[in-house]
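Peer 1: Next input, structure requested:
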Amino acid sequence: MANASTDTIAGKTRAGLSREEALTQYHTLELPSPSEEHWRFTDISGFDPDAYAVAEAAEVARPDSMLDLDTAGTAFAGEGGIEIVSAPDGVTFEPLQDHELLGSLVGVSDKLSAQNAALWRNGLLVRVPKGVELDKPLYARVSNSASGGALFWRLLVIAEELSRITVIEEYASDSPALAGYTNAAVELFVGAAAKLEYVSIQNLSTETWHFASHRARVDRDAELDWVAGGFGSRKGKVWIQNDLVGSGATSRVTGAYFADGSQHLDYDTFQRHDARNTTSDFAFKGALRDTARAVWRGMIRVEPDAQRTNAYQENRNLLLSKRAGADSIPGLEIMANDVRCTHGATNSPVDRDELFYCMSRGLTRGEAERLIVRGFFQDILDRIEFPPVRAAVAQALEARIPKA
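Peer 2: I've put the predicted structure just below:
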């Protein structure tokens, strides 16, 4: 999947293709390779998307959730379809069909995004009318339940002017050992002076390939608060892009991930400022064990008319073993002259003095590592406003550290 960084740099993205045209593009294009800059550290040459079939499940699975939620609306989706369990009055919360905004943010840019555009069958439309505020979240559970199955998913969220909503999306596998392939596209529209809290938690099995493109358009004086959690999957790539197109628009993206075994997580983020007085704040932290690897690429782009931009990005990685590794590539493209843009990136092992200090006080190595990991992620957890999500992310992070 791709984001507007490829729109701007390479001009590749095409929206509005028919399914037949997208399928032709899919068969024509090659898989991305490490010879392409955005795939330099993520080699997917061992992945064959044609080896995974779209399953015809008899019913939509409901695997256990890592979230404990009281919701205004709930939906379960899988290979077999989508089931709306509950929906609030006055808000559109229904299966996604054709829509005038569909594909206007996430178009066709490579083989994987073309496959999603051609083959997706299940999706969710969320539209909140002007001035409507929901005090409970809307929740969608997207699960892969068939071994060797492919799941193509789309989410379209439209928060109209002065509305306020929370949308939580959770990706999961029906079994910890299930081998599969998920391919998702998410488009978020935040109207003038609206606020959208969007949470995307990925907890797929470690035998699942996962590719996703998430892109948001934030209008005048609107606010987007985004949480991205990555704990599962085998390998893949997640694109995250915010387009700040209205004066006074604000976006904040908080990312937390933990990988172990031979997992490989790749986040490609893009902050595009296209209007005056806009603010973006991207902060990603990850912990890695065994031979796991993480890739984070960040780009802040400030267009010529986006004066008085304030943008920040950071990526910090904690390496819990000698063979774990991370690649951080921050970047700036600034065409305006009255801006404040900063970035930072670090990759570091557990501090031996901190570990020694904790263990000298009677803690086991596992207990000491959990304490250090908790401290490492605390500022990220503090950024998560929704308490059940904050608690679930903290629990998922600590659960990955061995107790011994």
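Peer 1: contacts and neighbour counts: CA atoms only from here.
Peer 2: OK.
Peer 1: show me where the stretch 1-150 of the chain has strands.
Peer 2: Counting by DSSP state E, counting those that start in this stretch, the stretch 1-150 of the chain forms strands over residues 73-78, 81-86, 92-95, 122-128, 138-144, 149-159, given from the N-terminal end onward.
Peer 1: any chance of those strands in TSV, with mean neighbour count too?
Peer 2: Putting the strands of the stretch 1-150 of the chain into TSV (neighbours: other C-alpha atoms under 10 Å) gives the following:
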stretch	mean neighbour count
strand 73-78	23
strand 81-86	17
strand 92-95	19
strand 122-128	21
strand 138-144	26
strand 149-159	24
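Peer 1: okay if I get those strands as TSV plus mean pLDDT and distance to Glu369?
Peer 2: Compiled in TSV, the strands of the stretch 1-150 of the chain are given as follows (pLDDT from 0 to 100; distance: least, C-alpha to C-alpha, whole Å):
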stretch	mean pLDDT	distance to Glu369
strand 73-78	93	36
strand 81-86	93	40
strand 92-95	97	42
strand 122-128	96	40
strand 138-144	93	31
strand 149-159	96	36
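Peer 1: Turn those strands into a markdown table, including distance to Glu385.
Peer 2: Converted to a markdown table, the strands of the stretch 1-150 of the chain look like this (distance: least, C-alpha to C-alpha, whole Å):
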| stretch | distance to Glu385 |
| --- | --- |
| strand 73-78 | 19 |
| strand 81-86 | 24 |
| strand 92-95 | 23 |
| strand 122-128 | 21 |
| strand 138-144 | 15 |
| strand 149-159 | 19 |
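Peer 1: what stretches of the protein score poorly on pLDDT?
Peer 2: Across the chain, residues meeting the criterion (pLDDT under 70) sit at 1-16, 55-64, 403-404.
Peer 1: Any idea which of the strands of the stretch 1-150 of the chain gets closest to Phe41?
Peer 2: Relative to Phe41, the nearest member of these by C-alpha to C-alpha is strand 149-159, separated by 24.3 Å.
Peer 1: angle of that closest one against strand 122-128?
Peer 2: Inter-element angle recorded for strand 149-159 and strand 122-128: 10 degrees (by axes from the mean of the first three to the mean of the last three C-alpha atoms, to 10 degrees).
Peer 1: Export the next helix-or-strand element following strand 149-159 to PDB, keeping only CA atoms.
Peer 2: Per DSSP states H and E, the first helix or strand lying C-terminal to strand 149-159 is strand 164-173. Below are the C-alpha coordinates for strand 164-173, written out as PDB (Å, rounded to 0.1, in the frame of the first residue of the first chain):
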ATOM      1  CA  ARG A 164     -16.900  14.400  18.000                       C
ATOM      2  CA  ILE A 165     -16.400  10.600  17.800                       C
ATOM      3  CA  THR A 166     -14.000   7.800  18.800                       C
ATOM      4  CA  VAL A 167     -13.500   4.900  16.300                       C
ATOM      5  CA  ILE A 168     -11.600   1.800  17.400                       C
ATOM      6  CA  GLU A 169     -10.500  -0.800  14.900                       C
ATOM      7  CA  GLU A 170      -8.900  -4.000  16.000                       C
ATOM      8  CA  TYR A 171      -7.200  -6.600  13.700                       C
ATOM      9  CA  ALA A 172      -6.900 -10.200  15.100                       C
ATOM     10  CA  SER A 173      -6.500 -13.800  14.100                       C
END
